[in-house]
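> Give me the fold of what follows.
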Amino acid sequence: MRAARTLAVTATAIAAVGLGAPLAVATNGPSNVQVNPYDVHAGSTITITAKGCGHGGTVTSNAFPTTNLSVNSNGLSSAIARVNNNATPGNYNLAVRCSDSTRVVTHPFRVLAGRGAAGGIGGSLAPSSTEMAVGGSLVAAAALGGGLFIARRRRVTGAGV
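Next up, the predicted model:
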């Protein structure tokens, strides 16, 4: 009789654990959402990582187009989004939603003003008067030095010359 009770209690405990296992494996949606970098320039990229999205998901924001999360081998989901060139500088939120959950987690980030190309001014400006004076004096010094060199050059005298 005692063995029957022990067996019944053990079977009930195993059944409870067995029925609870699928619930433990099921995801409750995204968690531990992180963005890198937090401050991003308009036109640059931002990396979003999240845990709990075992089958991928989406990331949405007003600052960039909807981006898909991809799952890597260590259980993290990640996405790289390119912030729109015309995104207004300021604070934004992004929303992460797993494809196997209706739960949505938001995370803030900041968009900074876009950086222009570091192309320099090229040929768009004429030389200044100082630059012209320095250039003219260098040309004059070269002409004077060349004239002195030619004037002081020794003449070779000898047979047949």
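
> how far out from the middle of the chain is whichever helix or strand Val59 is part of?
Taking DSSP states H and E as the definition, Val59 sits inside strand 57-61. Relative to the centre of its chain, strand 57-61 is centred 17 Å away, using CA atoms, centre = their mean, to the nearest Å.

> and that strand, what other elements does it pack with?
Judged by 3 or more CB pairs under 8 Å, 6 or more residues apart in numbering; DSSP states H and E, strand 57-61 is in contact with strand 67-71, strand 76-82, strand 90-98. From N, CA and C alone the C-beta is placed, and that goes for glycine too.

> Tell me the strands beside that strand, with direction?
Strand 57-61 has the following strand partners under DSSP bridges: strand 67-71 (antiparallel), strand 90-98 (antiparallel).

> Just the CA atoms of the first one, as PDB, please.
Looking back up the chat, that one is strand 67-71. Output of strand 67-71 as PDB, limited to C-alpha atoms (Å, rounded to 0.1, in the frame of the first residue of the first chain):
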ATOM      1  CA  THR A  67      13.900  45.800 -40.000                       C
ATOM      2  CA  ASN A  68      13.800  42.000 -39.400                       C
ATOM      3  CA  LEU A  69      15.500  40.400 -36.500                       C
ATOM      4  CA  SER A  70      17.800  37.400 -37.300                       C
ATOM      5  CA  VAL A  71      18.600  34.700 -34.800                       C
END
